[in-house]
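Q: give the three-dimensional model of this entry:
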Amino acid sequence: MGLLRRNPFGHILFLKRWMIFIFGMLTHRRYRGFNRLEIEGSDIIRKLPDTNVLFISNHQTYFADVVAMFHVFNASLKGRENNINNVGYLWKPKLNLYYVAAKETMQSGMLPRILAYAGAISVERTWRAGGKDVDEKRAVNPNDTENIKVALEDGWVITFPQGTTKPFKPIRKGTAHIIKQHKPIVVPIVIDGFRRSFDKKGLRLKKKGIFQSFVIKEPLHIDYDNESIDQIVEKIEYAIEQHPSFLKVIPLEEIQAQEELNQQRRWDAY
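A: Model (predicted):
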């Protein structure tokens with residue numbers, strides 16, 4: 001009976017465990033080998049309850065972002081301090097971990113369909129279809145919001161509230177509605193370097209030796225009953241560093257200094 005135990009979405013946990021282990025082994029060097037992932041805040045992961053946690057993050061690739069999160073979360077839960085050393089943390093991964101993804105993306109090929117079994121909650125985007133924005137916004141599918149509720153009740157959910165890999169795009173209000181309705185612990189994550197390391201899908205390694213950063217922030221303080229949707233949206237924008245105020249002209253000297261620091265970090269990583 002144990003081998004056939006399933007999660008609320010009908011996925012066999014034994015198969016999901018092996019899928020995470022195999023794909024984790026295959027992708028580990030993308031974050032600790034070809035490139036080096038610098039992590040902050042792994043201690044925050046260990047303080048979280050087992051269910052009703054919503055991770056919000058900026059988005060840079062379709063798949064590399066969420067794969068990195070599977071690595072970091074499992075490594076942190078196994079006691080790694082801001083690193084993903086010793087891939088043995090994947091032997092018994094957290095199985096009640098889910099991520100929200102566009103249905104058209106997860107149905108775009110055999111590999112995405114396989115990856116979906118690892119924990120995808122496929123949703124129909126109301127503002128986009130066939131890779132293009134639509135003029136007339138479609139109605140929200142109630143099954144999508146129900147599936148997110150089920151996932152939160154069962155464990156942790158990762159979502160990218162901008163709904164796109166393009167930086168500084170508006171936050172979708174659907175995330176704020178989910179927060180108000182289900183009152184999860186909301187943990188912001190800010191990532192960088194993935195867009196330079198991988199192609200847009202996050203499947204092909206584009207460039208080696210890129211400094212990747214992964215910052216886990218303290219949970220947001222949210223007044224679920226009294227804060228408005230717009231107030232929560234603004235909090236999300238600031239938390240994942242996608243508020244318009246972060247768009248500023250950076251002096252050339254600062255860019256050069258940052259590049260020198262990144263170069264030093266790359267040498268220090270090996």
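Q: show me what contacts the closest residue to Ala116 other than its chain neighbours?
A: With C-beta to C-beta, 6 or more residues apart in numbering as the criterion, Ala116 has its nearest non-adjacent residue at 4.5 Å, and that residue is Met106. C-beta: built from backbone N, CA, C; applies to glycine. Each residue near Met106 by C-beta atoms under 8 Å, 6 or more residues apart in numbering is listed here: 112-113, 115-116, 120, 122.
Q: can you give me the strands in the stretch 1-150 of the chain?
A: Shown for the stretch 1-150 of the chain, the strands assigned by DSSP state E, counting those that start in this stretch span residues 36-40, 53-57, 97-102, 120-123, 128-129, 132-133.
Q: just put those strands in TSV and tack on distance to Gly174, mean pLDDT and mean neighbour count.
A: Below are the strands of the stretch 1-150 of the chain laid out as TSV (distance: least, C-beta to C-beta, whole Å; pLDDT from 0 to 100; neighbours: other C-beta atoms under 10 Å):
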stretch	distance to Gly174	mean pLDDT	mean neighbour count
strand 36-40	28	94	19
strand 53-57	12	98	24
strand 97-102	10	94	23
strand 120-123	9	91	20
strand 128-129	13	51	14
strand 132-133	16	52	8
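Q: okay, those strands in JSON lines with distance to Arg46 next?
A: JSON lines is the format used below for the strands of the stretch 1-150 of the chain (distance: least, C-beta to C-beta, whole Å):
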{"stretch": "strand 36-40", "distance to Arg46": "13"}
{"stretch": "strand 53-57", "distance to Arg46": "12"}
{"stretch": "strand 97-102", "distance to Arg46": "15"}
{"stretch": "strand 120-123", "distance to Arg46": "24"}
{"stretch": "strand 128-129", "distance to Arg46": "36"}
{"stretch": "strand 132-133", "distance to Arg46": "40"}
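Q: helix, strand, or coil at Lys166?
A: What DSSP: H, G, I helix; E, B strand; the rest coil gives for Lys166 is coil.
Q: gap between it and Arg195?
A: Using C-beta to C-beta, to the nearest Å, we find Lys166 at a distance of 10 Å from Arg195.
Q: ok so, going back, the strands of the stretch 1-150 of the chain: which one's closest to Thr145?
A: Evaluated over these, closeness to Thr145 peaks at strand 120-123, with 8.4 Å, by C-beta to C-beta.
Q: quick check: the gap between the closest residue to Ile189 other than its chain neighbours and Lys166.
A: Of all residues not flanking Ile189 in the chain, Ser57 sits nearest, at 4.0 Å (C-beta to C-beta, 6+ apart). According to C-beta to C-beta, Ser57 stands 14 Å off from Lys166.
Q: likewise for Arg172?
A: From Arg172 across to Lys166, the span is 13 Å (C-beta to C-beta).
Q: pLDDT weak spots in this structure?
A: 1-3, 125-142, 248-270 (pLDDT under 70).
Q: run the angle between whichever helix or strand Val215 is part of and strand 36-40 for me.
A: For Val215, the host element (DSSP states H and E) is strand 211-216. The directions of strand 211-216 and strand 36-40 differ by 20 degrees, with axes from the mean of the first three to the mean of the last three C-alpha atoms, to 10 degrees as the criterion.
Q: within the sheet, what are the partner strands of strand 211-216, with directions?
A: Sheet pairing for strand 211-216, assigned by DSSP bridges, gives strand 36-40 (parallel), strand 185-192 (antiparallel).
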